[in-house]
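Asker: here's my sequence, what's the structure:
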Amino acid sequence: MQVTATEAKNRFGSICTHAKTEPVVIEKDGRPDSVIVSFDMFQALKAAGQAKSMAQRKREFAETYKDWIALQNQQFEQHGLWCDGVVAWPQQS
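Answerer: Take a look at the predicted model:
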């Protein structure tokens, strides 16, 4: 649905009701200016805009925990893996 700003002002309640089923484009001076959407649609759009790629998340993790990662790497270089030499329990007959 597409309406003028004047129509949106004069029929605001009806426009809000209609926005629950589909976005309503508000025109000013003959050009699209704003959109009214349902709250659920707004929440979905907001969440989609905030989604981060895996690469972004990895970079943020590496930056946030760089000191801890460096410590873990240092301990590995000095001592190896904690499970080196670990063997399964012998089978009881």
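Asker: ends of stretch 24-35, what's the gap?
Answerer: Its first and final residues considered, stretch 24-35 spans 5 Å by CA to CA, to the nearest Å.
Asker: ok, residues contacting the longest helix seen in the chain?
Answerer: Looking across the chain with DSSP state H, the single longest helix is helix 66-79. With CB atoms under 8 Å, 6 or more residues apart in numbering as the test, helix 66-79 has contacts from residue 62. In short, each C-beta sits where N, CA and C put it, glycine included.
Asker: please, where are all the strands along the chain?
Answerer: 2-4, 24-28, 31-36 (DSSP state E).
Asker: residue 42: which of those is closest?
Answerer: strand 31-36 (9.6 Å; CB to CB).
Asker: partner strands of that closest one, with direction?
Answerer: As defined by DSSP bridges, the strand partners of strand 31-36 come to strand 24-28 (antiparallel).
Asker: so for the partner strand, what gets flagged as buried?
Answerer: 24, 26-27 (16 or more other CB atoms under 10 Å).
Asker: pLDDT score assigned to the residue nearest the centre of the chain?
Answerer: Central residue of the chain (CA atoms, centre = their mean): residue 51, 2.2 Å from the mean position. As predicted, residue 51 sits at a pLDDT of 78.
Asker: rewinding a little: how about CSV for the strands of the chain, with distance to residue 56 and mean pLDDT added?
Answerer: CSV is the format used below for the strands of the chain (distance: least, CB to CB, whole Å; pLDDT from 0 to 100):
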stretch, distance to residue 56, mean pLDDT
strand 2-4, 36, 94
strand 24-28, 32, 96
strand 31-36, 27, 95
